[in-house]
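Whatever this is, show me its structure:
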Amino acid sequence: MNSLAPVGTARKWATLSLCCLAVLVLSVDLTALHLAIPNLISDLRPSGTQILWIADVYGFALAGLLVTMGGIGDRIGRKKLLLIGATAFAAASVVTAYAASAAMLIAARALLGVAGATIMPSTLSITRNVFTDAKERTTAVGIASGVGALGVGLGPIMGGALLDHFWWGSVFLINVPIMAVVLLAGLFVLPESRGSRPGRLDVPSVPLSIAGVLGVVYAITEAGHIGLFHARVGVGLLIGVAGLAAFVRRQARLSEPLIDVALFRNAAFSGSIGANLFAMFALVAQSLVFSQYFQLVLHWSPLQAGLAGLPGGVAAAAGGAARAAPLIGLIGRARTVALGLTISAAGFALYALTGTESNYWTLLAAMIPCALGIGVALTVTSDTILASVPKDRA
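Reported below is the predicted structural model:
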């Protein structure tokens, strides 16, 4: 059931709208918590390490399970997996909102990441299968990337508006009605698709992929907190590298792997993965730093801090949705990515002119080119990744 029957124009764009709505919630959830950290610190009294895990475990769980969930979607159906994920995400959001301790909050955020891992690859695969025309696909991916980038900017605003009137858990309850819309509309709008030859799920590959990703990410996170040469960092890195090496070796030997590692021999594919990694890192890191700076240094309210970061989200969305596709036609994919990263790098260089006494307009002059360039790069790399593989392996 790999190939879909032709999907009408109206249903195509309705499908994209629902996929964008789901991606918007995931990206908002990445940053909505940033503004809530000062409030939940006073309420739950987490340790320094627990604060790191509260902020990061959502992304860790999501990243660690993406490959596995993509493989499951190929087998049981991407629409089905997305709807299961939307239901789980709404339920986990309620648990997170009412967490009574730091440990419970970490566990609930991890569940949110697991649910998010079922949604993200499903939205990409569905988009790739619905938009078969290359030009339409680039436009659709540009819109989806722009919405995702905008969500990173909207997260602090939505969180700030709620935190000015409610407790920190309210930032998670906004997920529930949005996911309800995705679930109910998705039952009727989203087309179903599966891999053409999915085969059975290779069970040993699942823990290897999770251990590999989480081991490396754990080592990086703990190194920033306890030092690069601490024993826990070394053990985490060893487990991560060993897990990834074993995972790659096993995938190369399977007839139906979770991910075709031979794809990384394609320079366009592997280069896009690398550029995408750094662009997303820069976008989310900028949001986190600004959220803390505006509140803890400038002593602005959560809503003021969220609004102050909005131009970055808008610039990233504009770069993805409005600028990337025309630039591809003018100068090609590689030059467009290089241009986007150069613009972003120039913006980050401007931060060297800022300090704790800098006014907002100085920060804005750096924020906008950073986000604009990232939006361009993310759109082109995401589209290139999807274009590099057959649509049934999206």
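
May I ask you to name the longest helix in the protein?
The single longest helix within the chain, with elements called by DSSP state H, is helix 9-44.

Now do the helices in the stretch 201-350 of the chain.
For the stretch 201-350 of the chain, the helices defined by DSSP state H, counting those that start in this stretch cover 205-226, 231-253, 267-292, 302-318, 324-331, 333-350.

What is the neighbour count of residue 183?
Using other Cβ atoms under 10 Å, the number of residues around residue 183 comes to 19. Placement of C-beta: from N, CA and C, glycine included.

Just the buried positions in the helix or strand in which it is found, please.
Following DSSP states H and E, one finds residue 183 within helix 175-189. Across helix 175-189, burial judged by 16 or more other Cβ atoms under 10 Å covers 175, 178-179, 182-183, 186.

Equivalent analysis for stretch 230-238, please.
233, 236-237.

And for stretch 163-177?
Within stretch 163-177, the residues that qualify as buried by neighbour count (16+ other Cβ under 10 Å) are 163, 168-175.

got the contact list for it?
Under the criterion Cβ atoms under 8 Å, 6 or more residues apart in numbering, residues 25, 28-29, 32-33, 35-36, 39-40, 43, 89-90, 93-94, 96-99, 112, 158-159, 162, 301-303 lie in contact with stretch 163-177.

Could you figure out how far the helix holding residue 183 is turned away from helix 9-44?
Counting by axes from the mean of the first three to the mean of the last three Cα atoms, to 10 degrees, helix 175-189 lies at 160 degrees to helix 9-44.

Helix 175-189: how far from the chain's middle?
19 Å (Cα atoms, centre = their mean, to the nearest Å).

now that helix: mean pLDDT?
For helix 175-189, mean pLDDT is 89.

swap in stretch 268-276?
pLDDT averaged over stretch 268-276 gives 86.

related to what we said a few turns ago, which of the buried residues of stretch 163-177 fall within helices?
Using DSSP H, these in helices are 163, 170-173, 175.

which among these gets closest to residue 123?
residue 175 (15.5 Å; Cβ to Cβ).

re the thing from before, just the buried members of the contacts of stretch 163-177?
For these, buried by 16+ other Cβ under 10 Å: 25, 28-29, 32-33, 35-36, 39-40, 43, 89-90, 93, 96-97, 99, 112, 158-159, 162, 302-303.

just checking, residue 328 touches residue 380?
Yes. Residue 328 lies in contact with residue 380 (Cβ atoms under 8 Å); the separation is 6.4 Å.

intersection of neighbour lists for these two?
residue 336.

And the pLDDT at residue 390?
pLDDT at residue 390 comes out at 69.

dump the residue contacts of residue 14.
185, 189.

Just want the most central residue of the protein.
residue 27 (5.7 Å; Cα atoms, centre = their mean).

That one reaches residue 148, doesn't it?
Yes. The criterion here is Cβ under 8 Å, and residue 27 meets it with residue 148 at 4.6 Å.

Keeping just the C-alphas, turn the host helix or strand of residue 96 into PDB.
Assigned by DSSP H and E, residue 96 belongs to helix 78-97. Provided in PDB are the C-alpha atoms of helix 78-97 (Å, rounded to 0.1, in the frame of the first residue of the first chain):
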ATOM      1  CA  ARG A  78       1.500   6.700   8.800                       C
ATOM      2  CA  LYS A  79      -1.900   8.100   9.300                       C
ATOM      3  CA  LYS A  80      -2.700   5.500  12.000                       C
ATOM      4  CA  LEU A  81       0.600   6.200  13.800                       C
ATOM      5  CA  LEU A  82       0.000  10.000  13.700                       C
ATOM      6  CA  LEU A  83      -3.500   9.700  15.200                       C
ATOM      7  CA  ILE A  84      -2.200   7.400  17.900                       C
ATOM      8  CA  GLY A  85       0.600   9.900  18.600                       C
ATOM      9  CA  ALA A  86      -1.900  12.900  18.700                       C
ATOM     10  CA  THR A  87      -4.000  11.000  21.300                       C
ATOM     11  CA  ALA A  88      -0.900  10.100  23.400                       C
ATOM     12  CA  PHE A  89       0.500  13.600  23.200                       C
ATOM     13  CA  ALA A  90      -2.800  15.100  24.500                       C
ATOM     14  CA  ALA A  91      -2.900  12.700  27.400                       C
ATOM     15  CA  ALA A  92       0.800  13.200  28.300                       C
ATOM     16  CA  SER A  93       0.300  17.000  28.200                       C
ATOM     17  CA  VAL A  94      -2.300  16.700  31.000                       C
ATOM     18  CA  VAL A  95       0.000  14.500  33.100                       C
ATOM     19  CA  THR A  96       2.800  17.100  32.500                       C
ATOM     20  CA  ALA A  97       0.700  20.000  33.500                       C
END
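
Give me the next element, helix or strand, following that helix.
Following helix 78-97 in sequence, per DSSP H and E, is helix 102-130.

tell me what that following helix is packed against?
In terms of contacts (3 or more Cβ pairs under 8 Å, 6 or more residues apart in numbering; DSSP states H and E), helix 102-130 is packed against helix 9-44, helix 48-76, helix 78-97, helix 134-163, helix 360-387.

By mean pLDDT, show me the worst of these.
Mean pLDDT, when computed for each of the helices and strands packed on helix 102-130, is lowest for helix 134-163, at a mean of 74.

relative to helix 302-318, how tilted is it?
180 degrees.

Find the nearest non-adjacent residue to residue 89, please.
residue 115 (3.9 Å; Cβ to Cβ, 6 or more residues apart in numbering).

Give me the neighbour count for the one you found.
Residue 115, neighbours per other Cβ under 10 Å, totals 27.
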